[in-house]
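# could you look at this predicted model? Sequence included:
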Amino acid sequence: MIVLRIRFCCNGYLLRRPASRCDAVLAHSGITFWNEGGRPPAAPPCQFARGLPATWLLVIPKWCIEYRIIVLESHLVKTPHKIESISASLPLKSGQRVRVDHVAAEESLGERGGSNSAAGAQGDPEAAVDPAVAAMRAWAMPLDYPPLADAIVPGDRVAIVVDPDVPCVTDILRGSVESLEQAGMELDGISIVTTTAELGEFCQSALTGRGANAIQHVVHDPRDERNLCFVGVTPHGVLLINRTIFDADVVLPIGCARLTGYGVFDSMIPQLCDEATVARYRLPAGLMTDSQQESLRREANEAGWLVGAPFAMRVVPGGNDTVAHVLAGETRAVAEQSLKLCRRQWLLQAEQRASLVIATVTGGAVTQTWQNIARALAAAGRVVEEGGAIAICSNLNRSPGKSLGRLVGANDWEATERKISQDRADDTWTAWELAKALQRGPVYLLSLLDAEAVEDMGLAPVTGVEEIVRLASRHDSYAVLDDSQHVSVTVRGES
């Protein structure tokens, strides 16, 4: 499919529209097309777009904005890379590939209660489960809490909070909505709260045919004071939360279980709070002391209780965007059990450091975020040799933000790292990890971004899986971290 990219020289704003929709958009705006010879095209925009030359000039009427000459470029939407095929495609010279194994969990898993006991991951410690079925089972048999059907009453308003990093998020959501319906909930009493419009549309389309129009879909904006409500005061200051969450009788946070983070409420706190609270949590963990991190974890847990969310759901990821376990129930029990299951699934150990670490970021468009790139960089940085290279393999297609912009044209990575550490943007962690990694060695990025944009940030753009294979063949040793956004890895013999 061809996408038209219109770049307004007055403010740099990018408007992306499929060619099939351009006629209506442009006709409404009054924009006309002219070629470089000063002549209008013979065909409507969506017709000539299929054979569009490299450059067209546009004339915008004065009532729209001041006359500007702007550039129209045509681009093919890129086909996603087959990230899951990378590991099997790599060379297998004797001793070249560094072995990475799961670490046996020290704790006994004991009774799993509401968790679905099947699982799946790198090295296949367990097999994947049906996410919708597992979600329904978890709500029906929660840990240390009555079944969902006993926890709600007719007329309750239920707010479901969805973390974009939850694997198979639409299936988990479908299972949760069906559980609510079986408990007697009317669909018009359900709200789904997300942090991005993209995820909101994704969830809405997934529920088409199940009364998606009756369900309220809310996208949180931390800057919109009209949709924020006072919940209480924590040691860090006043806590404001999304109005839909505040007004709900029952709040169901659905989060992605991790080995690190701020606890069982991290799908809600700070993501659904005010801008000041969100910014406070954006400081990279590597710049905080243990006591500072623990203080934020306590605040997040306290905030969850102030909101009135006594139970929650955690989804333990499996390999390649699958679900390993789904747990629901009392928050402390869910937090404890999901951490044990995460350790079993994602705690890894490399037999030695490698001169090249290949870290894959799996999942669909919703999970291809700069934040998951940061997680991949953090994991790879624990295994790569000093002076070694990191190759991040993703289908990322998101524009860089403020902090990543500091990397453009930088030639002193240490100074750039210090500047980034003062930021509190949504891409600050990623930019900080990149600045650190570039001080150590080269960073390659396989993505759907323009190669020029990647190179401007000091990274080496990679255009396909075959380039990753060639890169690995040129190194004395390499390690592969599949699903690296989930893993925590150490090196044998190192503390």
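That came through fine. Numbers count the residues shown, from 1 in each chain.
# gap between the two ends of stretch 232-241?
For stretch 232-241, the first-to-last residue distance is 10 Å (C-alpha to C-alpha, to the nearest Å).
# so which elements touch whichever strand or helix holds residue 314?
Element membership of residue 314 [criterion: DSSP states H and E] is strand 311-317. Contact partners of strand 311-317 among helices and strands, from 3 or more C-beta pairs under 8 Å, 6 or more residues apart in numbering; DSSP states H and E: helix 131-140, helix 169-182, strand 250-256, strand 323-330, helix 331-346. C-beta here means a position set from N, CA and C on the backbone, and glycine is covered the same way.
# if you set the cut-off to 10 Å instead, what comes out?
Contacts defined by 3 or more C-beta pairs under 10 Å, 6 or more residues apart in numbering; DSSP states H and E place strand 311-317 against helix 131-140, helix 148-151, strand 158-162, helix 169-182, strand 250-256, strand 323-330, helix 331-346.
# take these and write them to TSV, including mean neighbour count, mean pLDDT and distance to residue 219.
Compiled in TSV, the helices and strands packed on strand 311-317 are given as follows (neighbours: other C-beta atoms under 10 Å; pLDDT from 0 to 100; distance: least, C-beta to C-beta, whole Å):
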stretch	mean neighbour count	mean pLDDT	distance to residue 219
helix 131-140	23	97	22
helix 148-151	17	93	25
strand 158-162	26	96	11
helix 169-182	21	95	15
strand 250-256	25	96	16
strand 323-330	28	97	24
helix 331-346	22	95	25
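# okay if I get these as a markdown table plus distance to residue 476?
A markdown table is the format used below for these (distance: least, C-beta to C-beta, whole Å):
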| stretch | distance to residue 476 |
| --- | --- |
| helix 131-140 | 41 |
| helix 148-151 | 54 |
| strand 158-162 | 44 |
| helix 169-182 | 40 |
| strand 250-256 | 35 |
| strand 323-330 | 34 |
| helix 331-346 | 27 |
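# can you say which of the ones you listed is nearest to residue 420?
Nearest to residue 420, of all the helices and strands packed on strand 311-317, is strand 250-256, at 25.3 Å by C-beta to C-beta.
# contacting residues around the next helix or strand after that closest one?
Scanning forward in sequence from strand 250-256 by DSSP H and E, the next helix or strand is helix 275-280. Outside of helix 275-280, the residues within contact range by C-beta atoms under 10 Å, 6 or more residues apart in numbering are 195, 220-225, 228, 234, 236-241, 269-273, 296, 299-300, 303, 423-426, 428.
# so which of those belong to helices?
Of the positions in the contacts of helix 275-280, 296, 299-300, 303, 428 sit in helices, assigned by DSSP state H.
# stretch 362-379: end-to-end distance?
14 Å.
# buried residues, it. List them.
Across stretch 362-379, burial judged by 16 or more other C-beta atoms under 10 Å covers 362-363, 366-379.
# next, count neighbours for residue 414.
10 (other C-beta atoms under 10 Å).
# can you tell me the closest non-neighbouring residue to it?
Once flanking residues are discounted, residue 414 sits nearest to residue 439: 6.1 Å by C-beta to C-beta, 6 or more residues apart in numbering.
# and for residue 301?
For residue 301, ignoring the flanking residues on the chain, the nearest one in space by C-beta to C-beta, 6+ apart is residue 263 at 5.4 Å.
# separation between that neighbour and residue 277?
15 Å (C-beta to C-beta, to the nearest Å).
# do residue 385 as well
For residue 385 relative to residue 277 (C-beta to C-beta), the value is 39 Å.
# who's more crowded, the two?
residue 277 (24 against 17).
# if I look at the more buried one, how far off is residue 238?
Using C-beta to C-beta, we find residue 277 at a distance of 9 Å from residue 238.
# same question for residue 358.
Taking C-beta to C-beta, one finds residue 358 at 45 Å from residue 238.
# so between the two, which is more surrounded?
For residue 358 versus residue 238, neighbours defined as other C-beta under 10 Å are more numerous around residue 358 (29 against 12).
# my read is residue 376 is in a helix, agree?
Yes. Per DSSP: H, G, I helix; E, B strand; the rest coil, residue 376 lies within a helix segment.
# that one reaches residue 383, doesn't it?
No. Contact criterion C-beta atoms under 10 Å: residue 376 and residue 383 do not qualify, at 11.6 Å.
# which residues do those two both contact?
357, 359, 390, 481, 487.
# any chance of JSON lines for the residues you listed, columns neighbour count?
What follows is the shared contacts of residue 376 and residue 383, written out as JSON lines (neighbours: other C-beta atoms under 10 Å):
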{"residue": "357", "neighbour count": "32"}
{"residue": "359", "neighbour count": "28"}
{"residue": "390", "neighbour count": "28"}
{"residue": "481", "neighbour count": "27"}
{"residue": "487", "neighbour count": "25"}
